[in-house]
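Peer 1: Just to be clear, the model below is a prediction. Sequence and coordinates:
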2 protein chains.
Amino acid sequence: MGRWEPDAAERLRLAARDLFVEQGFEETTVAQIAERAGLTPRTFFRYYPDKREVLFAGSDQLEEAMAAAARATAPEATAWDAVAAALTAGATMIGGSRAWSRQRQDMLLDHADLQGRELTKLARLATILAGVLRERGVADVEAELVAEAALTVFRLGFAAWLEEPGDRTLAEVIGERLDLLRRL
Amino acid sequence: MGRWEPDAAERLRLAARDLFVEQGFEETTVAQIAERAGLTPRTFFRYYPDKREVLFAGSDQLEEAMAAAARATAPEATAWDAVAAALTAGATMIGGSRAWSRQRQDMLLDHADLQGRELTKLARLATILAGVLRERGVADVEAELVAEAALTVFRLGFAAWLEEPGDRTLAEVIGERLDLLRRL
DNA sequence: CCTCCTGATGTCATGGTGTGACATCACTGT
DNA sequence: ACAGTGATGTCACACCATGACATCAGGAGG
């Protein structure tokens, strides 16, 4: 079993990412992405439902990791503790490559479509976390509120972390904000 | 001065709304909207930057009303009180036609694009409210958190209100949730 | 009354997105 | 060798969105 050959989805993802960075999102066409990946446009749409989605590959793993972390907390932990664990897991998972995250964020910021898609993904994540909380016996409305509030903290903390010059870790920035919210 | 003639933007908006309800969002083409309004597709795009945007006409007024309400609170009121006032103002403004709101919400729910756009508008609103809070001397991070949390309450309360069979007012449902969050 | 200007709309042309239907080709098991 | 299966290509198409330019109605001012 030799070195790993990137499959089509991965080749497309990398080609797209590179082109987006080189030329911008709007300026890059699906045809270009496909060509760089050695494929046809038609094939691109077999792997990604649309051009934007290629920027959100891997969001499933993030969801699963965060949900798992929440589920893994002690049964007697509070709702806040459970979501805090999820946030930490998520922060660790994406807190690695700040450079790419910044480029990606810039793209999102000037394309309402992309920003909207990101927010939709986060809303989905909030729904999942709320489900985990309900499994643990938290009342419906409270579960929703806590999960959504946590994801808001995640989002704001992430944005702030991207702006920061220092080298604090993403988990730190988010943890700080979560504490602040709970004390408000 | 006779009866008011709806201008082009309004005719397009109504035509679009009707067609969306009749046939669904995807199934409705810009050409159909324009035709029903007695105009050309090209003209549609002179009034709305894209097909989705027609569902968000009037969001500016909502922003202004809510920001004004927050600004109008007593200077010694807390950040929570200020956003609560904004939420009430917003709830009053859109709490009228539940029927149309439900149809609109259904459309949003099965089109990620539309839902994303809605979330983007709300994020924008949160930013505006955070600005108002900062004007009142609230610290940056706290202003962001409170504003975003409030908008989350608004969104969740709105969704819950749409589901409810009873006849509680939107402002009540939202107020209840805001209290709950503050007590968490 | 005519003319000029301006704003709103129409016409035409075009590039890009996304999808259905069908063909092709490589690989796999038997 | 062969049939089946999955991945990819080819072709055709509808729709979205936008630039460039034409047209037309109505008001301002001579």
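Peer 2: Yep, that arrived.
Peer 1: averaged over its residues, what pLDDT does the helix or strand that A:L14 is a member of have?
Peer 2: Element membership of A:L14 [criterion: DSSP states H and E] is helix A:8-23. Helix A:8-23 shows a mean pLDDT of 96 in the predicted model.
Peer 1: same thing with stretch A:148-164?
Peer 2: Across stretch A:148-164, pLDDT averages out at 97.
Peer 1: Which positions in it come out as buried?
Peer 2: Buried residues in stretch A:148-164, defined by neighbour count with 16 or more other Cβ atoms under 10 Å in any protein chain shown: A:148-158, A:160-161. In this view, the C-beta of every residue, glycine as well, is placed from N, C-alpha and C.
Peer 1: Stretch A:109-120 now?
Peer 2: The neighbour-count check on stretch A:109-120 (16+ other Cβ under 10 Å) flags A:111-120 as buried.
Peer 1: How about stretch A:126-137?
Peer 2: Using 16+ other Cβ under 10 Å as the test for burial, stretch A:126-137 gives A:126, A:128-130, A:132-134, A:136.
Peer 1: mind putting these in JSON lines, secondary structure included?
Peer 2: Shown next, in JSON lines, are the buried residues of stretch A:126-137 (DSSP: H, G, I helix; E, B strand; the rest coil):
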{"residue": "A:A126", "secondary structure": "helix"}
{"residue": "A:I128", "secondary structure": "helix"}
{"residue": "A:L129", "secondary structure": "helix"}
{"residue": "A:A130", "secondary structure": "helix"}
{"residue": "A:V132", "secondary structure": "helix"}
{"residue": "A:L133", "secondary structure": "helix"}
{"residue": "A:R134", "secondary structure": "helix"}
{"residue": "A:R136", "secondary structure": "coil"}
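Peer 1: Can you pick out the most distant pair from those?
Peer 2: Using Cβ to Cβ, the two most remote members of the buried residues of stretch A:126-137 are A:A126 and A:R136, lying 15.7 Å apart.
Peer 1: Can you report how many residues lie near A:V146?
Peer 2: Residues near A:V146, counting by other Cβ atoms under 10 Å in any protein chain shown, number 22.
Peer 1: OK, contacts around it?
Peer 2: Residues in contact with A:V146 (Cβ atoms under 8 Å, 6 or more residues apart in numbering or on different chains) are A:79-80, A:83, A:130, A:133, A:138, B:184.
Peer 1: The residue nearest the centre of chain A: what's its closest spatial neighbour, skipping adjacent residues?
Peer 2: Most central in chain A under Cα atoms, centre = their mean is A:S59, positioned 5.3 Å from the mean C-alpha point. Closest residue to A:S59 apart from its sequence neighbours, by Cβ to Cβ, 6 or more residues apart in numbering or on different chains: A:K121 at 5.2 Å.
Peer 1: these two touch, right, that neighbour and A:D60?
Peer 2: No. Here A:K121 does not reach A:D60: they are 9.6 Å apart, not a contact under Cβ atoms under 8 Å.
Peer 1: Looking at those two, which has the bigger crowd around it?
Peer 2: A:K121 (17 against 10).
Peer 1: Could you measure from A:L114 over to B:L180?
Peer 2: Distance, A:L114 to B:L180, by Cβ to Cβ, to the nearest Å: 33 Å.
Peer 1: which sections of chain A are below the confidence cut-off?
Peer 2: Within chain A, the stretches with pLDDT under 70 are A:1-5.
Peer 1: Residue ranges of each domain in it, please.
Peer 2: Residue ranges for the domains of chain A, per automatic domain parsing: A:8-54, A:58-183.
Peer 1: List the buried residues of stretch A:66-86.
Peer 2: So, applying 16+ other Cβ under 10 Å, buried residues of stretch A:66-86: A:66-67, A:69-70, A:73, A:78-80, A:82-86.
Peer 1: How far off centre is that stretch?
Peer 2: Its chain's C-alpha centre and that of stretch A:66-86 lie 19 Å apart, by Cα atoms, centre = their mean, to the nearest Å.
Peer 1: ends of it, how far apart?
Peer 2: With Cα to Cα, to the nearest Å as the measure, stretch A:66-86 spans 4 Å from end to end.
Peer 1: Checking A:E76 next. Helix, strand or coil?
Peer 2: Using three-state DSSP, the structure places A:E76 in coil.
Peer 1: which SS state does the closest residue to chain B within chain A fall under?
Peer 2: Relative to chain B, the nearest point of chain A is A:G116 (2.6 Å; Cβ to the nearest Cβ). Classification of A:G116 using three-state DSSP returns helix.
Peer 1: rewinding a little: how about residues contacting the helix holding A:L14?
Peer 2: So helix A:8-23 is in contact with A:6, A:28, A:32-34, A:36-39, A:43-44, A:47-48, A:51, A:54-55, A:57, A:100, A:103, A:107, going by Cβ under 8 Å, 6+ apart.
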